[in-house]
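Q: Fold the following.
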Amino acid sequence: MNRLTFLEFDHYRYLKIASLLMVISILVYLFDQPETGAYGGTLLGYFFGILSAIIAVAQVVYGIRKRLTPILAERRKLSGISPTQTDRRTHKTGWGKLQGVPLQGWLSAHVYFGLSLLVLATLHTGFQFGWDIHTFAYVLMVAVIIIGFYGIHAYLRFPRMMTDNMGGMDTLDTLLIKIEDLDKLASIMSLQFSDDICAIVLKSRQKTLIGGNFFRQLTAYQRDCPTASAVRKLHMLGKGLKGDQLKSFNDLYSILVHKDTLVTRARLHVRFKALLEFWQYLHAPLSIAFLTALVAHIIAIFYYW
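A: Numbering: from 1, shown residues only. The predicted model follows:
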């Protein structure tokens with residue numbers, strides 16, 4: 001049985017509500033024919049603007065609360081307050097009631113009302129755009145929503161890919177420990193061969209990088225990877241060996257091949273994690289910038305009203 005995602009929460013409750021809101025808004029906009037033409041300063045334009053502002057502020061407050069909740073929980077933990085005492089105390093407050101709502105429900109509402117905001121804010125503008133703070137606020141809003149939908153895509157796709165890529169191992173640390181063990185074993189086994197082979201194995205151990213700068217994390221790539229290079233070189237060098245030495249060499253070669261596979265998995269894990277977290281580095285700053293532009297937009301309206 002497939003587990004329902006936050007997008008399907010309560011039989012798509014918030015999708016239905018947001019869709020109804022968007023359909024009604026579009027119909028009202030189409031039937032409204034102001035003499036001045038549709039723009040943000042009409043009665044309907046103000047209505048769409050106020051409704052959009054309420055939804056936008058609620059969206060930002062949700063994001064702030066979502067990030068503060070783990071921090072506050074950690075502070076309560078450090079202060080020695082037991083979870084039972086905390087739950088008993090907070091459920092008496094308004095915030096406690098909010099905390100009683102399933103996380104999937106809040107996230108589902110956040111997504112679908114964010115989508116409705118795109119429609120409502122566009123209707124608020126009356127499709128009138130210019131080089132001003134009003135259009136700038138609208139552009140920032142669209143950017144926040146686009147980044148948000150990338151975040152949905154990331155959270156629905158990459159965790160599963162990370163699990164499949166790990167090949168049964170629990171964490172990246174476990175994978176790195178396994179790679180280190182293979183390095184130690186390969187170093188010991190290489191001592192019975194020539195200095196060239198020892199140098200190849202040593203370089204593979206010392207120079208192979210996992211992670212690194214942001215570009216390396218996103219591409220899961222190291223130019224001239226020492227481990228991949230060691231596998232290729234040992235494959236060529238092994239052709240001239242025979243007998244027992246060949247058997248020992250094949251064991252060494254197999255270890256490095258196994259290491260190369262694990263290194264690839266580790267780099268992919270780092271890549272998926274970077275892709276998963278990438279949107280957060282854009283979503284939060286853009287949300288703050290949008291909220292600031294929204295306040296400036298509202299102040300400008302009341303100033304010239």
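Q: mind checking how far Arg13 is from Gln222?
A: 47 Å (CB to CB, to the nearest Å). Every residue, glycine included, has its C-beta placed from N, CA and C.
Q: Check Ser19 too.
A: On the measure of CB to CB, Ser19 and Gln222 end up 47 Å apart.
Q: Comparing these two, which shows the higher neighbour count?
A: For Ser19 versus Gln222, the count of surrounding residues by other CB atoms under 10 Å is larger for Gln222: 18 against 15.
Q: dump the residue contacts of that one.
A: Neighbour list for Gln222: 208-209, 212, 216, 267 [criterion: CB atoms under 8 Å, 6 or more residues apart in numbering].
Q: out of the residues you listed, which are inside helices?
A: 216, 267 (DSSP state H).
Q: from the contacts of Gln222, which is closest to Asp132?
A: Closest to Asp132 out of the contacts of Gln222 is Arg216 (41.1 Å), distances taken as CB to CB.
Q: ok, and the closest non-adjacent residue to the closest one?
A: Once flanking residues are discounted, Arg216 sits nearest to Gln222: 6.7 Å by CB to CB, 6 or more residues apart in numbering.
Q: tell me the phi and psi of the one you found?
A: As for Gln222, its main-chain torsions (degrees, to the nearest 10) stand at phi -130, psi 120.
Q: measure it to Glu35 for me?
A: Distance from Gln222 to Glu35, by CB to CB: 66 Å.
Q: Next: Leu268.
A: From Leu268 to Glu35 the distance is 61 Å (CB to CB).
Q: next one: Ile200
A: The spacing between Ile200 and Glu35, counted by CB to CB, is 82 Å.
Q: out of the two, which sits in the busier spot?
A: Applying other CB under 10 Å to Ile200 and Glu35 shows that Ile200 carries more neighbours, namely 23 against 5.
Q: Determine how far the host helix or strand of that one lies from the middle of the whole chain.
A: Per DSSP states H and E, Ile200 falls inside helix 195-207. Distance of helix 195-207 from its chain centroid, counting by CA atoms, centre = their mean, to the nearest Å, is 37 Å.
Q: One more: stretch 294-301?
A: Worked out by CA atoms, centre = their mean, stretch 294-301 lies 31 Å from the chain centre.
Q: repeat for stretch 187-202
A: 42 Å.
Q: Could you find the closest non-adjacent residue to Tyr150?
A: Counting by CB to CB, 6+ apart, Trp279 is the residue found nearest to Tyr150 once chain neighbours are left out, at 5.0 Å.
Q: Would you agree that neighbour is in contact with Gly151?
A: Yes: shown here, Trp279 and Gly151 form a contact pair, counting by CB atoms under 8 Å, at 4.2 Å.
Q: Pull up the distance across stretch 237-245, start to finish.
A: Terminal residues of stretch 237-245 lie 12 Å apart, using CA to CA, to the nearest Å.
Q: What lies in contact with it?
A: 193, 196-197, 246, 249-250, 253.
Q: Mind jotting down where the helices sit in the protein?
A: 9-31, 43-78, 83-90, 94-99, 103-125, 133-166, 172-190, 195-207, 214-219, 226-237, 243-304.
Q: okay, the angle between the first one and helix 103-125?
A: Relative orientation of helix 9-31 and helix 103-125, computed by axes from the mean of the first three to the mean of the last three CA atoms, to 10 degrees: 10 degrees.
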